[in-house]
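> Return a 3D structure for these sequence lines:
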Amino acid sequence: MATLTKKRKAAEAKFDQSKAYTVAEASKIVKEITTTKFDAAVDLAIRLGVDPRKANQMVRGTVTLPHGTGKVLRVLALVTPDKEAEAKAAGADYVGLDEYIDKIKNGWTDVDVIITMPSVMGKVGALGRILGPRGLMPNPKTGTVTMDVGKAVTDSKGGKIDFKVDKAGIIHASVGKASFTADKLAENANELLNTIVKLKPSSAKGAYVRSIFMSSTMSAGITIETKAFSS
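Next comes the predicted model:
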């Protein structure tokens with residue numbers, strides 16, 4: 001444990017924790033200070049000047065990261081038989097309807113994304129208590145309730161993520177892995193940040209992007225300048 005603390009101290013000495021960096025600089029630093037033996041996820045925490053309790057200040061959306069997340073997502077397509085071939089061809093890991101609904105009712109949630117169709121939302125909606133807390137509930141706003149099942153599967157497999165501001169006004173999202181090049185991390189981070197800026201609610205007052213931190217699993221947070229994202 002002492003070695004880990006020593007490693008972390010050495011890593012943290014590589015940057016100034018009181019300074020704010022550009023996205024490009026932070027992406028280089030996060031690679032330098034990641035000391036895990038596994039390929040750590042790189043995350044952003046973005047604090048917004050919104051009150052998520054007000055419906056007109058809820059910030060949520062989707063973004064396709066240009067270089068993906070580095071994570072292999074398991075996709076379940078809950079579809080009618082006429083859409084099964086389309087879902088399979090697009091790369092869905094699990095395809096079906098009633099048998100998977102029964103499995104989920106019995107506690108199975110071993111997937112990362114669930115895609116379904118408007119016509120079966122009555123059945124899927126009954127799973128809300130299980131899927132909701134795990135962030136797996138399909139939603140038309142995030143493109144996971146659609147007739148274009150093939151595109152939704154392809155998008156999810158290709159680096160599309162959805163994000164939502166939490167009760168504290170913070171969006172947490174992964175923008176890649178420590179093994180990515182700094183350029184790829186920066187491009188992914190900028191894509192997410194620019195998307196969030198475009199979603200600024202007209203009712204939000206004062207500074208919209210209050211703070212941005214980049215970190216990898218178990219690393220210290222690197223402060224990112226907000227001025228490039230203030231609108």
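> Which element, helix or strand, includes the residue nearest to the spatial centre of the chain?
Most central in the chain under CA atoms, centre = their mean is residue 173, positioned 4.0 Å from the mean C-alpha point. Using DSSP states H and E, residue 173 maps to strand 170-177.
> What pairs with that strand, parallel or antiparallel?
strand 41-48 (antiparallel) (DSSP bridges).
> which one is the residue nearest to the centre of the chain nearest to, not counting chain neighbours?
Once flanking residues are discounted, residue 173 sits nearest to residue 163: 4.7 Å by CB to CB, 6 or more residues apart in numbering. Backbone N, C-alpha and C define where each C-beta goes, glycine included.
> In terms of secondary structure, what does the helix or strand where the one you found lies contact?
In this assignment (DSSP H and E), residue 163 forms part of strand 160-164. Here strand 160-164 touches strand 60-64, strand 170-177, helix 182-198, going by 3 or more CB pairs under 8 Å, 6 or more residues apart in numbering; DSSP states H and E.
> Mind checking the ones you listed for the one nearest to residue 210?
Shortest distance between residue 210 and these, using CB to CB, is found for strand 170-177: 9.2 Å.
> Quick one: mean pLDDT over the closest one.
Here strand 170-177 scores 95 as its mean pLDDT.
> Buried ones in that strand, by neighbour count?
170, 171, 173, 174, 175, 176, 177 (16 or more other CB atoms under 10 Å).
> Look up the closest residue to the second one, ignoring the ones flanking it.
Once flanking residues are discounted, residue 171 sits nearest to residue 46: 4.6 Å by CB to CB, 6+ apart.
> What segments of the protein are strands?
Assigned by DSSP state E, the chain shows strands spanning 41-48, 60-64, 75-78, 94-96, 113-116, 160-164, 170-177, 209-216, 222-224.
> Residue 91 and residue 75 touch, don't they?
Yes. Between residue 91 and residue 75 there is a contact under CB atoms under 8 Å: 7.1 Å.
> Find residues that contact each of those two.
Residues touching both residue 91 and residue 75 by CB atoms under 8 Å, 6 or more residues apart in numbering: 153, 157.
> between those two, who's got more neighbours?
Neighbours per residue, other CB atoms under 10 Å: of residue 91 and residue 75, the larger number sits with residue 75, 23 against 15.
> show me the contacts for the more buried one.
Residue 75 is in contact with 91, 92, 93, 94, 111, 112, 113, 114, 115, 153, 156, 157, counting by CB under 8 Å, 6+ apart.
> swap the cut-off to 10 Å and go again
By CB atoms under 10 Å, 6 or more residues apart in numbering, the contact set of residue 75 is 87, 90-95, 111-115, 144, 152-157.
> do the same with residue 168
So residue 168 contacts 47, 48, 52 (CB under 10 Å, 6+ apart).
> Now a PyMOL select for only the buried ones of the residues you listed.
Buried residues among those (16+ other CB under 10 Å), as a PyMOL selection:
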select buried, resi 47+48+52
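> Tell me the one among the contacts of residue 168 nearest to residue 102.
The closest of those, once distances to residue 102 are taken by CB to CB, is residue 52, at 34.5 Å.
> Which pLDDT does the model give the closest one?
90.
> With the one 3 residues further on instead?
pLDDT, residue 55: 89.
> where does the chain dip in pLDDT?
Along the chain, the model assigns pLDDT under 70 to residues 1-5, 8, 231.
> Run a quick neighbour tally on residue 81.
Residue 81 has 9 nearby residues by other CB under 10 Å.
> residues touching the residue nearest to residue 171, list them.
Contacts of residue 46 (CB under 10 Å, 6+ apart): 59, 163, 165, 169-173, 189, 192-193, 196-197, 208-214, 224, 226, 229.
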